[in-house]
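[1] With the sequence up front, the predicted model follows.
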Amino acid sequence: MKIDTIWQLILLLIQIESGGNDLAVGDNGKAFGCLQIHASYVEDINRIWNTDYKHTDAFNRDDAINMFMFYTAHYALKLEEETGRKATAEDLARIHNGGPDGWKKPSTLEYWKKVEALASQ
């Protein structure tokens, strides 16, 4: 199955990250919510977009999704400036998983394979 929309991607990531649990805590207590967002991710969003999210806001699904959108939008633009191409669902997933340059880190390829496998079920 091809991932055609950002919403399809987000739903897949929520399943991979937390199994749909909005109150999930992972990565030894460092990742919060349905999208398993780290404090540094939130700090980045607040710095770039002049927002005032708290790390605990990641426990609210709407806030977590909004944070994902802010984070990936910014770094997708950076990718587009660097490569001259539009960011793909793969790029966004790998940015979410691996940070600003996650789209080019070999370490995020396994994460993308999980997304693809879930999408094809």
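    Nice, thanks for sending it over.

[2] rest of the way, CA atoms for contacts and neighbours
    Fine.

[3] Find me the pLDDT at Leu13, would you?
    Leu13 carries a pLDDT value of 98.

[4] cool, and Met1?
    On the pLDDT scale, Met1 is placed at 63.

[5] For Asp27, see how far away Tyr75 is.
    Going from Tyr75 to Asp27 by CA to CA, to the nearest Å gives 23 Å.

[6] So which of the two has more stuff around it?
    A count of neighbours by other CA atoms under 10 Å puts Tyr75 above the other of Tyr75 and Asp27, at 21 against 10.

[7] Which secondary structure element is home to the nearest residue to that one once chain neighbours are set aside?
    Excluding the flanking residues, the one nearest Tyr75 by CA to CA, 6 or more residues apart in numbering is Pro100, at 5.6 Å. Following DSSP states H and E, there is no helix or strand that holds Pro100.

[8] would you list every one of the strands in this structure?
    In the chain, the strands defined using DSSP state E lie at 25-26, 31-32, 37-38.

[9] Packed most tightly, which of the ones you listed would that be?
    strand 31-32 (a mean of 24; mean count of other CA atoms under 10 Å).

[10] list the helices and strands it packs on?
    With contacts defined as 3 or more CA pairs under 8 Å, 6 or more residues apart in numbering; DSSP states H and E, strand 31-32 has these neighbours: strand 25-26, strand 37-38.

[11] so which of those strands comes closest to Glu90?
    Each of the helices and strands packed on strand 31-32 has some distance to Glu90 by CA to CA; the shortest is strand 37-38, at 18.0 Å.

[12] who's sitting farthest from the centroid in this structure?
    Distance from the C-alpha centroid of the chain peaks at Gly84, with 21.6 Å (CA atoms, centre = their mean).

[13] For stretch 58-66, report the contacting residues that lie outside it.
    Stretch 58-66 is contacted from outside by Ile10, Asp22, Leu23, Ala24, Phe32, Gly33, Cys34, Leu35, Gln36, Ile37, Asp57, Met67, using CA atoms under 8 Å, 6 or more residues apart in numbering.

[14] What of stretch 112-120?
    Contacts for stretch 112-120 (CA under 8 Å, 6+ apart): Met1, Lys2, Ile3, Leu12, Leu13, Ile16, Glu90, Ala93, Arg94.
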